[in-house]
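Enquirer: have a look at this prediction, sequence included:
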Amino acid sequence: MRLLVIGAGALGGYYGACVMRAGGDVTFLVRAKRAEQLRRNGLQVVSQNGDFAVQPKIIQASDLKAPYDVVLVGVKAYSLDDAMGQFAPAVGASTMILPILNGLKHIDALTARFGAEHVLGGLANVSAGLDADGRVIQFMANQTIVFGETGGPLSERVLALEKLLNVPGIDVRASEAIMHDMWEKFVQLSTLAGITCLMRASIGDILTVPKGEEQIFRLFGECCAVATASGFEPRAPFIAFDRKLFTTANSPLKASMLRDIERGSVTEAEHILGDMANRGRALGVDTPLLDLARAHVAAYEVGRQRAAG
């Protein structure tokens with residue numbers, strides 16, 4: 001099974017490198033600057049589970065001619081439109097597109113462009129980023145990828161993909177309820193991004209301040225209410241997991257959105273916080289803290305764009 005990974009950033013770089021290390025047929029679609037960096041240094045992963053490096057097979061959009069069996073899309077949400085134009089030649093009659101982007105809006109965009117029969121639901125739980133040298137740095141020992149048919153039941157192609165991704169360094173699971181899984185991830189991410197960006201601090205630091213925990217769970221409650229109104233009430237195991245996640249003392253956990261702000265980079269705020277808030281508004285769910293977090297990051301974006309000229 002031939003796998004095309006779109007980009008070689010934190011998500012695509014990590015999962016693609018793990019599959020390649022295990023002998024999988026993996027190609028990375030990258031831009032010229034990243035291609036040169038990978039040719040020079042290889043694709044390096046720095047992980048609590050052990051560092052490793054692979055010499056990746058890379059391709060650029062102008063050279064992409066033939067279809068692949070699987071297209072793994074792990075770009076930032078604001079790059080999706082451009083990415084779809086680039087990888088379109090790789091989508092053949094039986095190609096599976098596995099998006100592991102944050103949020104939910106991308107499912108509609110991919111379906112509109114390529115057709116529902118090509119698009120799987122998917123999510124990734126890995127805390128990672130790129131350092132100045134282009135290495136993938138895994139911050140925490142979580143490395144889950146979950147996917148399935150958006151309509152529900154497992155299919156032969158999903159089970160085949162599960163086998164491909166079942167390699168060291170990846171905790172893989174095929175799901176019969178991927179849209180419910182994605183909604184829960186959407187709730188978790190909106191809470192994490194909203195509170196850490198609003199407070200400009202990690203979960204551990206927020207827990208030390210007066211009413212810090214209360215504010216985390218106030219925002220969590222708002223996001224859960226939106227999910228419930230949308231027909232995907234968060235399940236008990238998810239609630240228990242996130243309660244532990246958001247009450248872990250000294251936790252260094254912060255959203256990648258906050259790391260983007262700290263670097264002065266563009267964020268996915270409207271794709272995550274904005275979309276969650278808009279869905280809540282359309283369903284009559286009041287989300288005052290979420291609205292404040294959205295406005296806070298939007299104000300940062302205004303200042304960033306002004307500074308960039």
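Expert: Perfect, I can see it now. Numbering: from 1, shown residues only.
Enquirer: tell me who's in contact with N102.
Expert: Taking CB atoms under 8 Å, 6 or more residues apart in numbering, we find N102 in contact with 77, 186, 189, 268, 271-272. To be clear about C-beta, it is placed using only N, CA and C from the backbone, and glycine gets the same treatment.
Enquirer: next one: G122
Expert: Contacts here follow CB under 8 Å, 6+ apart; on that basis G122 touches 98-100, 145-148, 178, 182.
Enquirer: which of these sits closest to R113?
Expert: P99 (11.5 Å; CB to CB).
Enquirer: got a list of what the nearest residue to the closest one once chain neighbours are set aside touches?
Expert: Of all residues not flanking P99 in the chain, V73 sits nearest, at 4.4 Å (CB to CB, 6 or more residues apart in numbering). Counting by CB under 8 Å, 6+ apart, V73 touches 6, 12, 80, 83, 87, 97-101, 106, 110.
Enquirer: in CSV, list the residues you listed along with neighbour count and secondary structure.
Expert: Listed next are the contacts of V73 as CSV, based on neighbours: other CB atoms under 10 Å; DSSP: H, G, I helix; E, B strand; the rest coil:
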residue, neighbour count, secondary structure
I6, 26, strand
G12, 25, helix
L80, 20, helix
A83, 22, helix
F87, 22, helix
I97, 25, strand
L98, 23, strand
P99, 26, strand
I100, 23, coil
L101, 25, coil
H106, 22, helix
L110, 23, helix
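Enquirer: pipe those into TSV and attach pLDDT and distance to S230 per row.
Expert: TSV is the format used below for the contacts of V73 (pLDDT from 0 to 100; distance: CB to CB, whole Å):
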residue	pLDDT	distance to S230
I6	97	28
G12	94	28
L80	95	21
A83	96	26
F87	97	29
I97	98	23
L98	98	23
P99	97	19
I100	95	21
L101	94	18
H106	95	16
L110	98	19
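Enquirer: need the max-distance pair from the residues you listed.
Expert: Across the contacts of V73, the longest distance by CB to CB is 15.5 Å; it joins G12 and L110.
Enquirer: which stretches of the stretch 101-250 of the chain form helices?
Expert: Ranges of helices in the stretch 101-250 of the chain, per DSSP state H, counting those that start in this stretch, are 105-114, 156-165, 178-199, 203-206, 212-229, 236-245.
Enquirer: deepest of the ones you listed, which one?
Expert: Highest mean neighbour count among the helices of the stretch 101-250 of the chain (mean count of other CB atoms under 10 Å): helix 178-199, with a mean of 24.
Enquirer: and the top strand by length along the chain with helix 156-165, angle?
Expert: Counting residues, the longest strand found in the chain (DSSP state E) is strand 136-149. Angle of strand 136-149 versus helix 156-165, following axes from the mean of the first three to the mean of the last three CA atoms, to 10 degrees, is 160 degrees.
Enquirer: by contact count, what packs against strand 136-149?
Expert: Other elements packing on strand 136-149 under the criterion 3 or more CB pairs under 8 Å, 6 or more residues apart in numbering; DSSP states H and E are helix 10-21, strand 43-46, strand 120-130, helix 156-165, strand 171-174, helix 178-199.
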